[in-house]
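**Student:** curious how this folds, go ahead:
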Amino acid sequence: MSIPTLSPEQLSAAREAATQARRARAELKARVRNGSLSLGEALDAAAQDDVLAHVKVVDLLKALPRVGDKRAAEIMARLDIAANRRIRGLGRHQAAGLRAEFPG
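**Tutor:** Now for the predicted structure:
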């Protein structure tokens, strides 16, 4: 099975869509970082938006104040969340654990 060849217009549209998706994910993390969005609200937003559901859990945790690489890894290990897990792939108990860890 080979990759289909895309017309220049299709390539341009795909690039634009990818850029918009990256901006939306960056905006979500920036809002968590500056405190205008809580972790729970970010999880709720990702549940409603397919693009935001692709944010990696570890990246979302590191966007929180006072959470760096080490603390994010500890939280993910304690809640049994794989390092490469995206928000969409969180189980009900994992999401509940994250909400309990960062209420508000």
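**Student:** use CA for all of it now, contacts and neighbours both
**Tutor:** Fine.
**Student:** what average pLDDT does the lengthiest helix in the chain get?
**Tutor:** In the chain, ranked by residue count with DSSP state H as the criterion, the top helix is helix 8-33. When pLDDT is averaged over helix 8-33, the result is 95.
**Student:** mind saving the C-alpha coords of stretch 16-28 as PDB?
**Tutor:** What follows is stretch 16-28, C-alpha atoms only, in PDB (Å, rounded to 0.1, in the frame of the first residue of the first chain):
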ATOM      1  CA  GLU A  16      -2.600  24.600   7.300                       C
ATOM      2  CA  ALA A  17      -4.700  22.100   9.200                       C
ATOM      3  CA  ALA A  18      -1.600  20.800  11.000                       C
ATOM      4  CA  THR A  19      -0.500  24.300  11.900                       C
ATOM      5  CA  GLN A  20      -3.900  25.200  13.300                       C
ATOM      6  CA  ALA A  21      -3.900  22.000  15.400                       C
ATOM      7  CA  ARG A  22      -0.500  22.700  16.800                       C
ATOM      8  CA  ARG A  23      -1.600  26.300  17.700                       C
ATOM      9  CA  ALA A  24      -4.700  25.000  19.400                       C
ATOM     10  CA  ARG A  25      -2.700  22.500  21.500                       C
ATOM     11  CA  ALA A  26      -0.100  25.200  22.300                       C
ATOM     12  CA  GLU A  27      -2.900  27.500  23.400                       C
ATOM     13  CA  LEU A  28      -4.400  24.900  25.700                       C
END
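**Student:** give me the buried positions along it.
**Tutor:** With burial defined by 16 or more other C-alpha atoms under 10 Å, the residues of stretch 16-28 counted as buried are 21-22, 24-25, 28.
**Student:** dump the residue contacts of the spatially most central residue of the chain.
**Tutor:** The chain has residue 55 as the residue nearest its centroid, 2.1 Å off, counting by C-alpha atoms, centre = their mean. Neighbour list for residue 55: 25, 86-87 [criterion: C-alpha atoms under 8 Å, 6 or more residues apart in numbering].
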